[in-house]
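S.K.: Here's a sequence, model it:
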Amino acid sequence: WCAAIAYRGWSKPLHEEDLPSAPRGVRSDPLHRVAVELWEAELARAEPGKAQVLSGVLYPLARRSFYQGGALLVVSGLCNSVARPLLLKSAVESISPDE
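M.R.: Model (predicted):
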(Lines give C-alpha, C1' and ligand atoms only; values in the text may rest on other atoms or scores of the structure.)
Protein backbone atom coordinates (compact mmCIF):
# COMPACT_ATOMS: atom_id res chain seq x y z
CA TRP A 1 0.00 0.00 0.00
CA CYS A 2 2.93 2.30 0.65
CA ALA A 3 4.46 1.96 -2.82
CA ALA A 4 1.25 3.10 -4.51
CA ILE A 5 1.10 6.21 -2.33
CA ALA A 6 4.77 7.00 -2.99
CA TYR A 7 4.28 6.68 -6.75
CA ARG A 8 1.16 8.84 -6.67
CA GLY A 9 2.95 11.45 -4.56
CA TRP A 10 5.89 11.44 -6.98
CA SER A 11 3.68 12.39 -9.90
CA LYS A 12 1.47 14.97 -8.15
CA PRO A 13 1.06 16.51 -4.70
CA LEU A 14 -0.93 14.34 -2.30
CA HIS A 15 -3.97 15.55 -0.41
CA GLU A 16 -5.61 13.95 2.60
CA GLU A 17 -8.35 12.36 0.47
CA ASP A 18 -5.65 10.63 -1.63
CA LEU A 19 -4.44 8.68 1.37
CA PRO A 20 -6.12 5.43 2.41
CA SER A 21 -6.65 4.64 6.06
CA ALA A 22 -3.69 2.91 7.69
CA PRO A 23 -3.67 -0.88 7.93
CA ARG A 24 -5.01 -2.27 11.19
CA GLY A 25 -1.58 -3.31 12.45
CA VAL A 26 -0.18 0.23 12.39
CA ARG A 27 -3.15 2.22 13.64
CA SER A 28 -2.85 3.97 16.97
CA ASP A 29 -6.55 3.88 17.88
CA PRO A 30 -6.48 0.52 19.72
CA LEU A 31 -3.21 1.40 21.43
CA HIS A 32 -4.53 4.79 22.53
CA ARG A 33 -7.64 3.20 23.99
CA VAL A 34 -5.55 0.72 26.03
CA ALA A 35 -3.17 3.48 27.14
CA VAL A 36 -6.06 5.61 28.40
CA GLU A 37 -7.48 2.63 30.32
CA LEU A 38 -4.08 1.88 31.86
CA TRP A 39 -3.56 5.52 32.80
CA GLU A 40 -6.98 5.74 34.45
CA ALA A 41 -6.25 2.55 36.39
CA GLU A 42 -2.87 3.98 37.46
CA LEU A 43 -4.50 7.23 38.61
CA ALA A 44 -7.05 5.26 40.63
CA ARG A 45 -4.36 3.04 42.17
CA ALA A 46 -1.72 5.64 43.02
CA GLU A 47 -1.77 8.35 45.63
CA PRO A 48 -2.67 11.80 44.28
CA GLY A 49 0.27 13.26 42.36
CA LYS A 50 2.27 9.99 42.49
CA ALA A 51 1.00 8.24 39.35
CA GLN A 52 3.82 6.66 37.31
CA VAL A 53 3.61 6.79 33.51
CA LEU A 54 6.54 4.43 33.03
CA SER A 55 5.41 1.56 35.25
CA GLY A 56 1.69 2.18 34.91
CA VAL A 57 1.32 2.71 31.17
CA LEU A 58 4.49 2.32 29.10
CA TYR A 59 5.79 -0.92 30.60
CA PRO A 60 2.47 -2.83 30.29
CA LEU A 61 2.09 -1.60 26.70
CA ALA A 62 5.63 -2.34 25.55
CA ARG A 63 6.65 -5.25 27.80
CA ARG A 64 6.63 -7.85 25.01
CA SER A 65 8.55 -5.62 22.59
CA PHE A 66 11.04 -4.76 25.33
CA TYR A 67 11.85 -8.42 25.99
CA GLN A 68 11.94 -9.29 22.29
CA GLY A 69 14.37 -6.43 21.70
CA GLY A 70 16.52 -7.62 24.60
CA ALA A 71 16.62 -11.15 23.19
CA LEU A 72 17.59 -9.84 19.76
CA LEU A 73 20.29 -7.71 21.37
CA VAL A 74 21.77 -10.81 23.02
CA VAL A 75 21.68 -12.74 19.73
CA SER A 76 23.31 -9.82 17.94
CA GLY A 77 26.01 -9.62 20.59
CA LEU A 78 26.72 -13.32 20.27
CA CYS A 79 26.96 -13.04 16.51
CA ASN A 80 29.34 -10.10 16.75
CA SER A 81 31.55 -11.52 19.47
CA VAL A 82 31.55 -15.23 18.57
CA ALA A 83 30.37 -15.96 15.04
CA ARG A 84 32.12 -13.07 13.27
CA PRO A 85 35.60 -13.86 14.63
CA LEU A 86 35.15 -17.55 13.82
CA LEU A 87 34.09 -16.72 10.26
CA LEU A 88 37.03 -14.34 9.88
CA LYS A 89 39.42 -17.01 11.17
CA SER A 90 38.02 -19.53 8.68
CA ALA A 91 38.31 -17.04 5.82
CA VAL A 92 41.91 -16.19 6.68
CA GLU A 93 42.82 -19.86 7.00
CA SER A 94 41.20 -20.69 3.68
CA ILE A 95 43.18 -18.05 1.73
CA SER A 96 46.48 -18.46 3.50
CA PRO A 97 49.07 -20.70 1.83
CA ASP A 98 49.27 -24.20 3.23
CA GLU A 99 52.30 -24.88 5.37
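S.K.: Grab the most central residue of the chain for me.
M.R.: residue 65 (6.7 Å; CA atoms, centre = their mean).
S.K.: That one sits in which helix or strand?
M.R.: Taking DSSP states H and E as the definition, residue 65 sits inside helix 59-78.
S.K.: Which strands or helices does that helix pack on?
M.R.: Packing contacts for helix 59-78, counted by 3 or more CB pairs under 8 Å, 6 or more residues apart in numbering; DSSP states H and E, involve helix 29-45. No exception for glycine: its C-beta is placed from N, CA and C like everyone else's.
S.K.: Of all the residues in the helix it packs on, which ones are buried?
M.R.: 35, 38, 42 (16 or more other CB atoms under 10 Å).
S.K.: Now render those residues as a markdown table, adding distance to residue 98.
M.R.: Below are those laid out as a markdown table (distance: CB to CB, whole Å):
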| residue | distance to residue 98 |
| --- | --- |
| 35 | 64 |
| 38 | 65 |
| 42 | 68 |
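S.K.: any idea which of those residues is closest to residue 93?
M.R.: residue 35 (54.4 Å; CB to CB).
S.K.: Okay, the closest one and residue 88: tell me how far apart.
M.R.: Remark: distance between residue 35 and residue 88 (CB to CB, to the nearest Å) = 46 Å.
S.K.: likewise residue 45?
M.R.: Residue 45 sits 53 Å away from residue 88, going by CB to CB.
S.K.: Then residue 18?
M.R.: 50 Å.
S.K.: can you check residue 3 too?
M.R.: From residue 3 to residue 88 the distance is 38 Å (CB to CB).
S.K.: These two: which is more packed in?
M.R.: Set residue 3 next to residue 88 and count neighbours by other CB atoms under 10 Å: residue 88 wins out with 10 against 7.
S.K.: Can you pull out the low-pLDDT segments for this structure?
M.R.: Residue ranges of the chain with pLDDT under 70: 1, 99.
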